[in-house]
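> Provide a 3D model corresponding to the input given below.
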Amino acid sequence: MSSSLHQHTHGIIGYEHKRFEYKGNELIIHICRKKRPLTAPNAKAPM
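Numbers count the residues shown, from 1 in each chain. Purely as a prediction, here's the structure:
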C-alpha cells in the first residue's frame, strides 16, 4: 500500500517503501530503488 501511495500522491515510480520514521513532529519515509535485472540494450537471443 505504501508504494501505491507514493506513486499516486508524489509521482514516485520505481522505488519500494522500506519504513517510516518519526522524529519529533516530522515523518521521514525511507524508500529505495527497485532492483532490476541487468540487460544489454540491444542484446539478441542466441539462435
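> only C-alpha atoms for contact and neighbour calcs from this point on.
Will do.
> So which elements touch the helix or strand Ile29 falls within?
Assigning secondary structure by DSSP states H and E places Ile29 in strand 26-33. On a contact count with 3 or more C-alpha pairs under 8 Å, 6 or more residues apart in numbering; DSSP states H and E, strand 26-33 meets strand 15-23.
> Just the C-alpha atoms of the strand it packs on, please, in CSV.
As requested, C-alpha coordinates have been extracted for strand 15-23 and formatted as CSV (Å, rounded to 0.1, in the frame of the first residue of the first chain):
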residue,chain,number,x,y,z
TYR,A,15,11.0,2.7,-5.7
GLU,A,16,9.9,0.5,-2.9
HIS,A,17,8.9,1.6,0.6
LYS,A,18,11.2,0.4,3.4
ARG,A,19,10.0,2.1,6.6
PHE,A,20,8.6,5.2,8.3
GLU,A,21,10.5,7.0,10.9
TYR,A,22,9.1,9.6,13.3
LYS,A,23,11.4,12.3,14.7
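> Can you give the strand pairings for that strand, parallel or anti for each?
strand 26-33 (antiparallel) (DSSP bridges).
> and the partner strand, average pLDDT?
Strand 26-33 shows an average pLDDT of 87 in the prediction.
> pretty sure Met20 is touching Glu26, no?
Rather than Met, residue 20 is Phe. No - counting by C-alpha atoms under 8 Å, Phe20 does not reach Glu26; the two are 10.4 Å apart.
> Could you check which of these two is surrounded by more residues?
A count of neighbours by other C-alpha atoms under 10 Å puts Phe20 above the other of Phe20 and Glu26, at 11 against 8.
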